[in-house]
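**Q** sequence isn't available, so here's the structure alone:
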């Protein structure tokens with residue numbers, strides 16, 4: 001059937017529309033897969049990825065999937081960055097090294113990941129020590145010496161307070177107190 005009196009669409013219109021739909025779905029799937037790979041490779045949480053996506057979409061005023069430098073500046077200021085001209089130029093060189101004047105979501109994510117990747121939390125450090133300690137609430141100096149480089153091990157041994165909870169183990173160190181004090185969440 002090539003002629004239908006109930007619609008103005010031809011088979012060619014429907015075929016083109018269908019192909020456009022398939023292309024859009026394929027592009028969307030590719031973008032989502034890229035975001036998942038980026039998130040996993042860069043070690044950011046799904047929550048952070050959602051926050052970055054939300055900020056990017058909000059400041060992408062033209063809704064074309066790319067921010068211009070003014071959009072990026074507004075976005076970064078809203079996220080708490082202190083931007084002078086020199087600092088913004090440095091950031092633009094990182095995000096847009098080819099000076100295209102456009103900031104893609106991928107380059108924005110790469111920048112934001114670099115900016116946030118160096119900020120471990122006390123919980124992350126406690127979790128790391130817990131793994132080293134074999135899920136015990138304390139860690140022993142010999143475990144630190146076995147698992148860490150010598151300088152780091154000696155620093156931890158000399159800085160960690162003794163573990164006071166049950167069970168009482170001679171020489172046990174309190175990695176939880178150490179980690180929270182290290183990140184300013186408590187005092188040793």
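**A** Cool, the structure landed. Predicted model only: the values in this text are computed from it and were never measured.

**Q** list the buried ones in stretch 27-37?
**A** For stretch 27-37, burial by neighbour count (16 or more other C-beta atoms under 10 Å) applies to residue 35. Where C-beta positions appear, they are placed from N, C-alpha and C, glycine not excepted.

**Q** quick check: pLDDT value at the spatially most central residue of the chain.
**A** Centroid-nearest residue in the chain, with C-alpha atoms, centre = their mean: residue 44, separated by 2.8 Å. pLDDT for residue 44: 72.

**Q** now residue 169
**A** 91.

**Q** ok, it - contacts?
**A** Listed by C-beta atoms under 8 Å, 6 or more residues apart in numbering, the contact set of residue 169 reads 138, 140, 163.

**Q** any idea how far it is from residue 47?
**A** 37 Å (C-beta to C-beta, to the nearest Å).

**Q** how about residue 135?
**A** Applying C-beta to C-beta, the value for residue 135 to residue 47 is 26 Å.

**Q** before we move on, what about residue 59?
**A** Counting by C-beta to C-beta - residue 59 and residue 47 are separated by 19 Å.

**Q** which residue of the two possesses the greater neighbour count?
**A** Shown here are residue 59 and residue 47; by other C-beta atoms under 10 Å, residue 59 has more neighbours (21 against 8).

**Q** per-residue confidence for that one?
**A** pLDDT for residue 59: 92.

**Q** touching, it and residue 76? I think so.
**A** No. Counting by C-beta atoms under 8 Å, residue 59 stays clear of residue 76, with 9.0 Å between them.

**Q** and the nearest residue to residue 105 once chain neighbours are set aside, how many neighbours?
**A** In space, and not counting its chain neighbours, residue 105 is closest to residue 56: 5.4 Å by C-beta to C-beta, 6 or more residues apart in numbering. Neighbour count of residue 56, defined by other C-beta under 10 Å: 21.

**Q** which strands and helices sit next to the helix or strand hosting residue 56?
**A** In this assignment (DSSP states H and E), residue 56 forms part of helix 46-59. Where contact means 3 or more C-beta pairs under 8 Å, 6 or more residues apart in numbering; DSSP states H and E, helix 46-59 is packed against helix 11-42, helix 69-78, helix 105-117.

**Q** now do 6 Å
**A** helix 69-78, helix 105-117 (3 or more C-beta pairs under 6 Å, 6 or more residues apart in numbering; DSSP states H and E).

**Q** which one of these has the lowest average pLDDT?
**A** helix 105-117 - the lowest mean pLDDT of those, at a mean of 81.

**Q** buried set for that helix?
**A** Applying a neighbour-count criterion of 16+ other C-beta under 10 Å, one finds 105, 107-109, 111-113 buried in helix 105-117.

**Q** what's the angle between it and helix 11-42?
**A** Interaxial angle, helix 105-117 versus helix 11-42 (axes from the mean of the first three to the mean of the last three C-alpha atoms, to 10 degrees): 20 degrees.
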